[in-house]
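Visitor: coordinates only, sequence not included:
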């Protein structure tokens, strides 16, 4: 039997590396990352350790040529996995590039995958627990559901500037949270069209995970608050996300689609319930 193929985006990052090594035990890998030197070194390491890497492609996921190369590597199998870890956080970029990478490029990736969907395909997109903290405002949701509209970035900028405190970091944080809320909604809407084709799509919402990106966020007040809120009593690590993604792509999760799995140590539960008034108060 042919081995299953698994696409890992953001493959040279902390979560991407953990996912590649876990999935690579049973899958042939297709890797993508914007950082060419890091991706090249990681690919060499994987091959040196006996993993099969079909292709490693450096570039922006919004680029049509890169998407064509990825789908070409995935084509010709009964089903494949996608673990989409690529993204930017507020500690790494401003509000506009965060929205371009986290949401617009994600939609373009899913659009590119749809023509080659096969029964048994499973996709997991890395969202964020921050998406669960955003209010569901109908007008804002309508914007987030159409990110390829020509005026989307200008219109959504007005939203995060109104919700923020005027600082660049605040705008970036709101943009990040909105982008991840939109990714949650993407899984729900795409599940409706993927399901009849035998394909599934889900999201994972990490809390503070001790990857290189996560460590930068922990150094910010909001990131420290998220980490401290988790009642599980330890920080998250990349393997926590990789194992959750592996489960969601497995046959054990064959009835799971269109939903989000929080892998946050209970931080969202803590934010909601510790802040809520006691019953009867």
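Guide: Cool, the structure landed. Bear in mind that the values here come from a model prediction, so they are computed numbers and not experimental data. Residues are numbered from 1 along each chain as shown.

Visitor: Show me the shaky parts of this structure.
Guide: 1-2, 214, 220-227, 275-281 (pLDDT under 70).

Visitor: how about 80 then?
Guide: 1-2, 77, 211-230, 233, 274-281 (pLDDT under 80).

Visitor: Strands of that one, residue ranges please.
Guide: All strands of the chain, identified by DSSP state E, fall at 4-9, 27-33, 53-58, 80-84, 122-126, 200-206, 260-263.

Visitor: Sheet partners, orientation included, of the first one?
Guide: Strand 4-9 pairs in its sheet with strand 27-33 (parallel), strand 80-84 (parallel), by DSSP bridges.

Visitor: tell me the angle of the shortest one relative to strand 122-126?
Guide: Using axes from the mean of the first three to the mean of the last three Cα atoms, to 10 degrees, the interaxial angle of strand 80-84 with respect to strand 122-126 works out to 10 degrees.

Visitor: how far out from the middle of the chain is strand 80-84?
Guide: Between the centre of strand 80-84 and the centre of its chain there are 11 Å (Cα atoms, centre = their mean, to the nearest Å).

Visitor: can you list the residues that contact that strand?
Guide: 4-10, 16, 19, 23, 27, 74, 106, 109, 113, 118, 120-126, 245, 249 (Cβ atoms under 8 Å, 6 or more residues apart in numbering). No exception for glycine: its C-beta is placed from N, CA and C like everyone else's.

Visitor: Buried ones among the residues you listed?
Guide: 4-10, 16, 19, 23, 27, 74, 106, 109, 113, 120-126, 245, 249 (16 or more other Cβ atoms under 10 Å).

Visitor: Figure out which of the strands of the chain is closest to residue 65.
Guide: Between residue 65 and the strands of the chain, the shortest separation by Cβ to Cβ is 9.3 Å, and it involves strand 53-58.

Visitor: neighbours of the residue lying closest to residue 61 once chain neighbours are set aside, just the number please.
Guide: Leaving aside its sequence neighbours, residue 61 sits nearest to residue 105 (Cβ to Cβ, 6 or more residues apart in numbering; 4.1 Å). Other residues near residue 105 come to 24 when the count uses other Cβ atoms under 10 Å.
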